[in-house]
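Student: missing the sequence, but the structure's below:
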């Protein structure tokens with residue numbers, strides 16, 4: 001075949017495209033299990049961070065998670081448990097879940113070294129430049145926040161990106177989600193201001209009003225769906 005002909009060039013290009021595509025597909029398939037595991041481990045570290053636990057090393061993330069995250073479940077809008085497997089809770093994609101009319105409500109059960117139980121709730125919302133997400137850990141009284149973890153996809157360094165800093169996150173420790181029996185989410189307020197409804201609050205990040213408000217909205221919009229479940233925890237702790 002004439003190597004200078006159009007037919008030869010077209011066939012050559014087609015064969016190269018098929019070969020390169022096959023190689024890329026093979027590389028992707030061979031690396032995908034490792035990529036999936038890295039994504040899962042990052043999620044495990046985020047859940048653990050909400051209860052103030054950091055794996056000693058990256059390779060020990062799985063073992064640390066299995067030690068402290070002793071259960072998982074999905075609950076419905078009435079607070080009833082509909083699935084008691086940790087895997088089902090872990091596999092919920094919150095970025096898709098928040099867009100559904102009927103949300104799945106995953107909960108992770110953590111047992112700490114002192115024997116106390118914490119319930120970790122996934123969060124997902126919007127910052128200034130893109131999604132923000134994280135986890136809130138609640139005591140077994142269904143009211144007191146034990147810890148939080150927040151992160152983002154593209155907030156401004158030194159401003160909105162500071163939601164990832166311990167200094168901001170630790171403000172939520174010990175805050176309450178109910179006042180006089182009514183659900184009142186933790187407000188994120190400009191320093192020096194207080195919410196009018198008497199709810200607990202933390203100081204917003206200076207210069208990052210929209211991202212700070214996004215964290216407050218995320219907490220309220222996500223946790224409100226768990227209100228029946230939290231009430232059950234509260235009733236159980238008062239018995």
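Tutor: That came in fine, so what should we check first? What you see is a predicted model; the values in this text were computed from it and never measured.
Student: so what touches stretch 168-183?
Tutor: The contact list for stretch 168-183, computed with Cβ atoms under 8 Å, 6 or more residues apart in numbering, reads 136, 138, 142-150, 162-163, 184-186, 197-203, 205, 223-224, 227, 230, 234. Where C-beta positions appear, they are placed from N, C-alpha and C, glycine not excepted.
Student: repeat that with 6 Å
Tutor: 143, 144, 145, 147, 148, 162, 186, 198, 200, 202, 227 (Cβ atoms under 6 Å, 6 or more residues apart in numbering).
Student: cool, stretch 115-129 as well?
Tutor: Contacts to stretch 115-129, defined as Cβ under 6 Å, 6+ apart, come from residues 47, 50-51, 94, 98, 106-108, 110-111, 132-138, 140, 146, 152, 154-155, 160, 210-211, 214, 217-218, 222, 226.
Student: from the residues you listed, which ones fall inside strands?
Tutor: The members of the contacts of stretch 115-129 that map onto strands under DSSP state E are 106-108, 110-111, 132-138, 146, 152.
Student: pull the most distant pair out of the residues you listed.
Tutor: Pairwise distances across these (Cβ to Cβ) peak at 29.2 Å, for the pair 111 and 152.
Student: neighbour count: the two, which is higher?
Tutor: More neighbours surround residue 152 than the other of residue 111 and residue 152, with 24 against 15 (other Cβ atoms under 10 Å).
Student: Provide the secondary structure category for residue 171.
Tutor: Here residue 171 is recorded as helix under DSSP: H, G, I helix; E, B strand; the rest coil.
Student: quick one: mean pLDDT over stretch 14-22.
Tutor: Average pLDDT, stretch 14-22: 78.
Student: packing partners for the helix or strand hosting residue 15?
Tutor: Under the criterion of DSSP states H and E, residue 15 resides in helix 6-50. Helix 6-50 is packed against helix 61-68, strand 131-139, strand 145-152, with contacts defined by 3 or more Cβ pairs under 6 Å, 6 or more residues apart in numbering; DSSP states H and E.
Student: turn those into a markdown table, including distance to residue 192 and mean pLDDT.
Tutor: Below are these laid out as a markdown table (distance: least, Cβ to Cβ, whole Å; pLDDT from 0 to 100):
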| stretch | distance to residue 192 | mean pLDDT |
| --- | --- | --- |
| helix 61-68 | 38 | 96 |
| strand 131-139 | 24 | 98 |
| strand 145-152 | 22 | 98 |
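Student: TSV for those, including distance to residue 178?
Tutor: Listed next are the helices and strands packed on helix 6-50 as TSV, based on distance: least, Cβ to Cβ, whole Å:
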stretch	distance to residue 178
helix 61-68	26
strand 131-139	11
strand 145-152	11
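Student: just to check, residue 229 is in contact with residue 79?
Tutor: Yes: with contacts counted by Cβ atoms under 6 Å, residue 229 reaches residue 79, the gap being 3.9 Å.
Student: partners of residue 121 in the sheet?
Tutor: residue 136 (DSSP bridges).
Student: residues near it, how many?
Tutor: Neighbours of residue 121 under the rule other Cβ under 10 Å: 24.
Student: go on, residue 66?
Tutor: Number of residues near residue 66 (other Cβ under 10 Å) recorded here: 11.
Student: name the element residue 124 belongs to?
Tutor: Per DSSP H and E: strand 117-126 holds residue 124.
Student: so which residue is dead centre in this protein?
Tutor: residue 134 (3.3 Å; Cα atoms, centre = their mean).
Student: if I pick residue 211, what's in contact with it?
Tutor: 127, 128, 155, 160.
Student: same thing but at 10 Å, please
Tutor: Shown in contact with residue 211 (Cβ atoms under 10 Å, 6 or more residues apart in numbering): 125-129, 132, 150, 152, 155-156, 159-163, 188, 204-205.
Student: could you do residue 58 as well?
Tutor: Contacts of residue 58 (Cβ under 10 Å, 6+ apart): 38, 41, 42, 45.
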